[in-house]
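Novice: build me a structure from this.
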Amino acid sequence: MLPGENDNVDRPEEETTDHEQYIEGLSRELRDEREKAQSYLANWQRTQADLENYRRRVQQERNEALELASGALLRKLLGALDDLERAFARPPSEMRKKEWVEGARLGFNKLKATLEGEGLSPIDALGKPFDPRYHEAIMRRSGDDGMVVEEVQKGYSLNGRVLRPSMVVVGTGEDGASEEHL
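Specialist: Purely as a prediction, here's the structure:
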């Protein structure tokens, strides 16, 4: 063997080992970087979902606040609405033919239509079974048992939620003229 020949043979093995270690190191780095990328992607997706949930929650809270404010305002207007409804239900005969009364009635109907357009709707009570979610019993008297026999004050709901329950008289199931105040 010539001098230096043995050195050449050993060198490729060392280079191969170094090369394999280098490739193995790069593979490990690549694997680590892929794991980091997956982690970053998962965190980004979670953050994106959290942001969407936050936006939805804020919008829902805003809608609930508006509905609450609308409900408070409408609750205050219900007394005036009741008064106008009673006034137009039985106007004195000499007033029925006056033009201004008819104009006021048109204005009242327009107000009712506007409120209905905002989600206000009357609760149907008369002749219906008593339901404590929608009715407030103030008296019992003869009539069909458990049925609303008279509506004393109209109830209203706003977008499906009870704004004011109907004040009603509930039947006792007896025939006769007995009345029982609650």
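Novice: and the longest helix anywhere in the chain, what does it pack against?
Specialist: If you go by DSSP state H, the chain has its longest helix at helix 5-89. For helix 5-89, the packing partners by 3 or more Cβ pairs under 8 Å, 6 or more residues apart in numbering; DSSP states H and E come out as helix 99-117, strand 156-158, strand 161-164. The way it works is simple: take the backbone N, C-alpha and C, and place the C-beta from them, glycine included.
Novice: work out the gap between the first one and the centre of the chain.
Specialist: Read that as helix 99-117. Chain-centre distance of helix 99-117: 30 Å, with Cα atoms, centre = their mean, to the nearest Å.
Novice: same thing with stretch 55-72?
Specialist: The chain centre lies 8 Å from the centre of stretch 55-72; the measure is Cα atoms, centre = their mean.
Novice: so which bits of it are buried?
Specialist: Residues of stretch 55-72 classed as buried under the neighbour-count rule (16 or more other Cβ atoms under 10 Å) are Ser70, Gly71.
Novice: picking that back up, now the longest helix of the chain: mean pLDDT?
Specialist: For helix 5-89, the mean per-residue pLDDT is 86.
Novice: relative to helix 99-117, how tilted is it?
Specialist: Counting by axes from the mean of the first three to the mean of the last three Cα atoms, to 10 degrees, helix 5-89 lies at 160 degrees to helix 99-117.
Novice: returning to that earlier point: among the helices and strands packed on helix 5-89, which is the most enclosed?
Specialist: Among those, ranked by average contacts under mean count of other Cβ atoms under 10 Å, first place goes to strand 156-158 (a mean of 19).
Novice: partners of that one in the sheet?
Specialist: Applying DSSP bridges, strand 156-158 is found paired with strand 120-122 (antiparallel), strand 161-164 (antiparallel).
Novice: quick one: contacts of that strand?
Specialist: Strand 156-158 has contacts (Cβ atoms under 8 Å, 6 or more residues apart in numbering) with 67, 70-71, 74, 78, 118-123, 134, 162-164.
Novice: which of the helices and strands packed on helix 5-89 comes out lowest on mean pLDDT?
Specialist: Lowest mean pLDDT of the helices and strands packed on helix 5-89: helix 99-117, a mean of 88.
Novice: contacts made by that helix with the rest, please.
Specialist: Leu74, Leu77, Leu81, Leu84, Glu85, Phe88, Pro91, Met95.
Novice: how about 10 Å then?
Specialist: Residues from elsewhere that reach helix 99-117, judged by Cβ atoms under 10 Å, 6 or more residues apart in numbering: 74, 77-78, 80-81, 84-85, 87-88, 91-92, 95-96, 98, 120-122, 156, 158.
Novice: now stretch 51-66
Specialist: Applying Cβ under 10 Å, 6+ apart, stretch 51-66 has no contact partners.
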